[in-house]
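>>> whatever this is, show me its structure:
(one chain, ligands or ions: 1)
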Amino acid sequence: MSKGQAEYIDKAQDPSQECDACKYFHPPMNCDRVMGRISPEGWCKLFEAKEGDNQMGQKAGEEARASALGVVTPGGTSNS
Ligand code: SF4
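Numbers count the residues shown, from 1 in each chain. Below is the predicted model of the structure:
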């Protein structure tokens, strides 16, 4: 889509949401979703975080929850 449709801006207001951190961004200045030259420091409404640090944090959280559950019910099998 066009930059206008995507509400693209050259300078992201939130540095954690720059194109550089978006999964659609291809350095040095291309994007899967938005046509034209895209700045690594830009932003548009289609922003989606790259899989990386955030995702790892989420996964760690899930694992922590799972092991917390494991502590509540420690291996309740009666096979032996
Ligand atoms: S989709 Fe991502 S990389 Fe493309 S312009 Fe929007 S924020 Fe930037």
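>>> okay, Q58: pLDDT?
For Q58, the model assigns a pLDDT of 52.
>>> same question for E51.
85.
>>> nearest residue to it in space, please, no chain neighbours.
Leaving aside its chain neighbours, E51 sits nearest to K23 (6.7 Å; criterion: C-beta to C-beta, 6 or more residues apart in numbering). Where C-beta positions appear, they are placed from N, C-alpha and C, glycine not excepted.
>>> quick one: neighbours of the one you found, just the number.
12 (other C-beta atoms under 10 Å).
>>> helices of the chain, residue ranges please.
3-6, 53-72 (DSSP state H).
>>> rank the ones you listed by pLDDT, which is bottom?
Among these, helix 53-72 carries the lowest mean pLDDT (a mean of 57).
>>> what residues does the chain put near the ligand?
For the chain, the residues in contact with the ligand (C-beta under 6 Å from any ligand atom) are 6, 8, 19, 22, 24-25, 31, 33-34, 38, 42-44, 46-47.
>>> per-residue pLDDT of the residue nearest to E51, please?
98.
>>> that one reaches K50, doesn't it?
Yes - counting by C-beta atoms under 8 Å, K23 touches K50, with 4.5 Å between them.
>>> overlap in contacts, these two.
Common contact partners of K23 and K50 (C-beta atoms under 8 Å, 6 or more residues apart in numbering): none.
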